[in-house]
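1. Quick one: sequence and predicted model below, then my questions.
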Amino acid sequence: MLKSGLFAAAFRTALVLGAAVAVVLPPVVASASVQDAAAQLSAEIQQAILTAQAEAAAAGLSQEDAGAYIEAAVQSVIAMSGQSPAVASQALAGARASLAASGQLSAAASTAVTSVQSVVAAASTPGGAPAAGGGRTGGAPMGAPASSGGGGGGGSDYRPGT
């Protein structure tokens, strides 16, 4: 009897601990996968920046044209990755920091990364999306046209059904 009671208590403890680990573990794994995705995308962005900088220099592009070329390359990498704006933002910050620390970030590339970061930030905020009502934001409510004077409500095109 003592053995079965002890076994039951140990089993309940293992079950409770197992459930606690199962509840705690998924967020950690999810966080690690976001960091891995950001690190992967950061490496891809760095490579795209370095390649685009070299190609822009070889083509003799102006500072402005080089920036546009680098920006297009970075946007392409992010679009092809399919990552969320949050992951893209982390990856851009990581790529900028890494290239700046190594002295490989040109002024044109810095400007391009800043531009892409602003686009990504706008995509990740609710205010960055157009309004669902056909682009109308605020203003007078939809309904009868304003009165053209003389009280009685409604303009000349509005006739109440009386």
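-> Done, it's in.
2. When you work out contacts or count neighbours from here on, use the C-alpha atoms and nothing else.
-> OK.
3. Now Ser115: closest residue in space that isn't a chain neighbour?
-> In this structure, Ser115 finds its nearest non-sequential neighbour in Glu71, 7.4 Å apart by CA to CA, 6 or more residues apart in numbering.
4. Now do the contacts for that neighbour.
-> Applying CA atoms under 8 Å, 6 or more residues apart in numbering to Glu71 gives the contacts Ala109, Ala112, Val113, Ser115, Val116.
5. Over to it. Which of the three states is it?
-> The local conformation at Glu71, judged by DSSP: H, G, I helix; E, B strand; the rest coil, is helix.
6. With Ala57 instead?
-> helix.
7. tally of neighbours for it?
-> By other CA atoms under 10 Å, the residues close to Ala57 number 13.
8. List of residues touching stretch 47-55?
-> So stretch 47-55 is in contact with Ala66, Tyr69, Ile70, Ala73, Val74, Val77, Gln104, Ser106, Ala109, going by CA under 8 Å, 6+ apart.
9. Phi first, then psi, for the nearest residue in space to the fourth one that is not next to it in sequence.
-> Put plainly, it is Ala73. Computed as CA to CA, 6+ apart, the closest residue to Ala73 that is not its neighbour in sequence is Ala48, at 6.1 Å. Dihedral pair for Ala48: phi -60, psi -40, per degrees, to the nearest 10.
10. What does the pLDDT read for Ala48?
-> For Ala48, the model assigns a pLDDT of 95.
11. Over to Gly153?
-> Here the pLDDT value assigned to Gly153 is 53.
12. Number the residues from 14 up from this point.
-> Okay, using 14 as the starting number, the last item reads as Gly166.
13. how about low-confidence regions in the protein?
-> Along the chain, the model assigns pLDDT under 70 to residues 14-47, 139-175.
14. Sketch out the helices for it, chain order is fine.
-> For the chain, the helices defined by DSSP state H occupy 15-72, 76-94, 98-114, 120-137.
15. May I see the buried residues of the last one?
-> Taking 16 or more other CA atoms under 10 Å as the basis for neighbour counts, the residues of helix 120-137 that come out buried are Ala121, Ala122, Ser123, Thr124, Ala125, Val126, Thr127, Ser128, Val129, Gln130, Val133, Ser137.
16. Quick check: the gap between the fifth one and Ala65.
-> Plainly put, Ala125 is 11 Å away from Ala65 if you go by CA to CA, to the nearest Å.
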